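[1] sequence first, then the predicted structure:
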Amino acid sequence: MSEILVLVDHDPAAGVVRKTTNELLTIARRLGEPSAVFLGSPSEEASAALRTYGAEKVYVVEDAEVNQYLVAPKAEVLAQLVEKTRPGAVLVSSNAEGKEIAARLAVKTESGLITDAVDVQAGDDGAPVTTQSVFAGNYTVTAKVTKGTPVITVKPNAATPEQVEGAAATEKVEVTISESAKTAKIIASEPRKATGRPELTEAAIVVSGGRGTGGNFEPVEAFADALGAAVGASRAAVDSGWYPHSFQVGQTGKTVSPQLYVAAGISGAIQHRAGMQTSKTIVAINKDEEAPLFELVDFGVVGDLHSVLPAATEEVTKRKG
Amino acid sequence: MNIVVCVKYVPDATADRHFEEDNTVDRVGVDGLLSELDEYAVEQALQLKEKLGDADETVVTVLTVGPERATDAIRKALQMGADKGVHVVDEAIAGSDALGTSLVLAKAIEKVGAEDPWDLVVCGMASTDGSMGVVPAMLAERLGVPQVTNATVIEMQGKEVRIRRDGDTATEVIGGTAPLVLSVTDQSGEARYPSFKGIMAAKKKPVETWSLADLGVDPAQVGLSAAWTAVESTQARPPRTQGEIVTDEDGSGAKALADFLASKKFI
């Protein structure tokens, strides 16, 4: 059975592996033997997580330069590992950086690239078959790579992480990074302040606010906290400067697919729908009964979010006891 | 300075977009336009030119790869203020995946810079149809240059480019030396509307049309048959059926909402 390389998405400051990596390892096991690729020095906690979710091998690349120079060196490291291990596929998290690494890797290794997979399964011949959600979630597309080593970026929540003890045999890898890969670098980085809420793209419940908030996100945040949810915002709210862009849900922001999506004061332009249409259950609260988002909802309240949300927050808190 | 802006002609996102029988995107039966996200790239290129204040020495070339009608996208960018257009059109390109498209773009960029070397390639953050967002990185790889992507603020001094971006986990300042590939987000600043003067001036601006042969690209390297990925099936998502809608009266909405959430076991 061939190896499946998984690029580990980790938070170097906290020393933890992000949940998406556990999902990638679970998918990798369907396709072959999961091998994790760790850029940096894994903490004990990180190593334990990789073992718990089934990594048979862990390639560790300790070269400090790898994390300093954006994506080009990371793509070079993966290309060298692809050359060395001839894997059945390479799986990368579908975030901005992951997609760029995958793009460069695909060109380097002359391999087909599929991005934003919401599911990956082994096909009849064992090769990966991906499912993607396209055109604002209006179409589902299945595809496969027909040349080279399949390079696939996978969206959060594409699989339920399964705990399967792996050998997690560590192998240190020496790589050479070209000078040309070092020409763009991070000059300053200011980590985003922790909100104490779940990460938007990984959350089981998302509560978003839009134009209807009038700039007051307090009711949205309070309702989100009552439900243990992440907070999102529409482009109108972000463009008005009411909420940071990193919380924008929609075509030019984050795509979310939670179990429950609550839209408060959001009319539902196609660009917003593109970012949330595949949510399992959709609820909307809007003063305007003509808001297009009501067409998609499982449950809707025609009313002012400034009165409905605080009352609902109280109701939810009471029932949760 | 020689700036090349890559733009894409895409099916209108608000129209009924669909697939052809061969699982390629229908680019003929649906009205198309310059991808909204590429308008920001044109805008930032024009702003860089304006900041440099050397109107005659900085040339903004807008480049597209696409069917005949894709000239509409070039025309719009010229109306906004770009100086000239290059349209790569060739039947063999139809159905290309991002890898094929990036190959054609890279060859065209090299040709644009053949006499006067290019300094910056500016792209939007993603197309509004395929939305992969990988072409800027592929171009950087093919052209052998760094990429600074998803910029919200761009500064350039000499050959040094600095951008600010809202990354996945941090706000970052990224630096690089031209030549490089730059991509910008919709947070970089609203794109201008073409003025009447701009619309009139655009009519006289040169647009060159190149084929694959002009670029020295073998047609066998691009198009649907050469794509390194294959779509197996496309299926329209069943439309969502509207659920219950209640009207809030004196707090009844909140209670009904809580009942619904409880019935679905969210609380």
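    Yes, it's here.

[2] so what strands line up beside whichever strand or helix holds residue B:165?
    Assigned by DSSP states H and E, residue B:165 falls within strand B:160-166. Sheet pairing of strand B:160-166 (DSSP bridges) gives strand B:153-157 (antiparallel), strand B:170-177 (antiparallel).

[3] what is the burial count for the residue in chain A positioned nearest to chain B?
    Chain B sits closest to residue A:303 of chain A, with a gap of 2.7 Å, by CB to the nearest CB. Any C-beta I mention is one placed from the backbone N, CA and C, and that applies to glycine too. Using other CB atoms under 10 Å in any protein chain shown, residue A:303 has 24 neighbouring residues.

[4] what do you get for residue B:207?
    By other CB under 10 Å, 15 other residues sit near residue B:207.

[5] with adjacent residues omitted, what lies nearest to it?
    Nearest non-adjacent residue to residue B:207, counting by CB to CB, 6 or more residues apart in numbering or on different chains: residue B:85, 3.8 Å away.

[6] tell me what that neighbour is bridged to.
    residue B:62, residue B:207.

[7] is it in contact with residue B:205, as I believe?
    Yes - using CB atoms under 8 Å, residue B:85 makes contact with residue B:205 at a distance of 6.9 Å.

[8] who has more neighbours, the two?
    Taking other CB under 10 Å, residue B:85 and residue B:205 do not tie; residue B:85 has more neighbours (23 against 17).

[9] about what we covered before: ok, now how distant is the closest residue to the residue of chain A closest to chain B other than its chain neighbours from residue A:207?
    What sits nearest to residue A:303 in space, not counting adjacent residues and going by CB to CB, 6+ apart, is residue B:248, at 2.7 Å. When CB to CB, to the nearest Å is the yardstick, residue B:248 and residue A:207 sit 17 Å from each other.

[10] of those two, who's got more company?
    residue A:207 (29 against 22).

[11] hey, what's that one bridged with?
    Here residue A:207 sits in beta bridges with residue A:231, residue A:262, going by DSSP bridges.

[12] got it, and residue B:9?
    residue B:34.

[13] for it, give its distance to residue B:131.
    Per CB to CB, residue B:9 is found 15 Å from residue B:131.

[14] and for residue A:148?
    23 Å.

[15] and what of residue A:52?
    Applying CB to CB to residue A:52 and residue B:131 gives a distance of 34 Å.

[16] the two - which one has more neighbours?
    residue B:131 (23 against 18).

[17] hang on, that one packs against residue A:251?
    Yes - assessed by CB under 8 Å, residue B:131 is found in contact with residue A:251 at 7.1 Å.

[18] so what's the residue nearest to residue A:303 up against?
    For residue B:248, the contacting residues are A:301, A:302, A:303, A:304, A:307, A:308, B:254, by CB atoms under 8 Å, 6 or more residues apart in numbering or on different chains.

[19] and residue A:151, by the same measure?
    Neighbours of residue A:151 in contact, by CB under 8 Å, 6+ apart: A:89, A:90, A:92, A:102, A:105, A:106, A:109, A:111, A:112, A:113, A:114, A:145.

[20] who does it bridge with?
    Applying DSSP bridges, one finds that residue A:151 bridges with residue A:90, residue A:113.

[21] residue A:294 should be in a helix, yeah?
    Yes - according to DSSP: H, G, I helix; E, B strand; the rest coil, the state of residue A:294 is that of a helix.

[22] hmm, it is touching residue A:287, no?
    No - counting by CB under 8 Å, residue A:294 stays clear of residue A:287, with 11.5 Å between them.

[23] which neighbours do those two have in common?
    Shared contacts of residue A:294 and residue A:287, defined by CB under 8 Å, 6+ apart, are found at residue A:302.

[24] looking at these two, which is more packed in?
    The residue with more neighbours, out of residue A:294 and residue A:287, is residue A:294; 21 against 15, by other CB under 10 Å.

[25] list the beta-bridge partners for the closest residue to the more buried one other than its chain neighbours.
    Counting by CB to CB, 6+ apart, residue A:300 is the residue found nearest to residue A:294 once chain neighbours are left out, at 4.9 Å. Bridge pairing for residue A:300 (DSSP bridges) gives the partners residue A:284, residue B:245.

[26] count of neighbours near residue A:300?
    Neighbour count of residue A:300, defined by other CB under 10 Å: 28.

[27] what's near enough to touch it?
    With CB under 8 Å, 6+ apart, residue A:300 has these contacts: A:283, A:284, A:285, A:286, A:294, B:242, B:243, B:244, B:245, B:246.

[28] pLDDT value on it, please?
    Residue A:300 carries a pLDDT value of 97.

[29] what of the one 10 residues further on?
    According to the prediction, residue A:310 has pLDDT 97.

[30] still on that earlier bit, among the contacts of residue B:248, which are in strands?
    A:301, A:302 (DSSP state E).

[31] tell me the one of the contacts of residue B:248 nearest residue B:57?
    Ranked by distance to residue B:57 (CB to CB), the contacts of residue B:248 are led by residue A:304 at 56.5 Å.

[32] which residue is the nearest non-sequential neighbour of the closest one?
    Residue A:304 sits nearest to residue A:287 (CB to CB, 6+ apart), 5.4 Å away.

[33] where's the residue nearest to residue A:303 relative to residue A:311, distance?
    Note on residue B:248: its distance to residue A:311, by CB to CB, is 9 Å.

[34] quick check: neighbours shared by these two?
    Residues touching both residue B:248 and residue A:311 (CB under 8 Å, 6+ apart): residue B:254.

[35] which residues does residue B:177 bridge with?
    residue B:160.

[36] scratch that, residue B:2
    Beta-bridge partners of residue B:2, as defined by DSSP bridges: residue B:59.

[37] ok so residue B:149 is a helix residue?
    No - with three-state DSSP as the criterion, residue B:149 is strand rather than part of a helix.

[38] so which strand or helix has residue A:101?
    Using DSSP H and E, residue A:101 maps to helix A:96-108.
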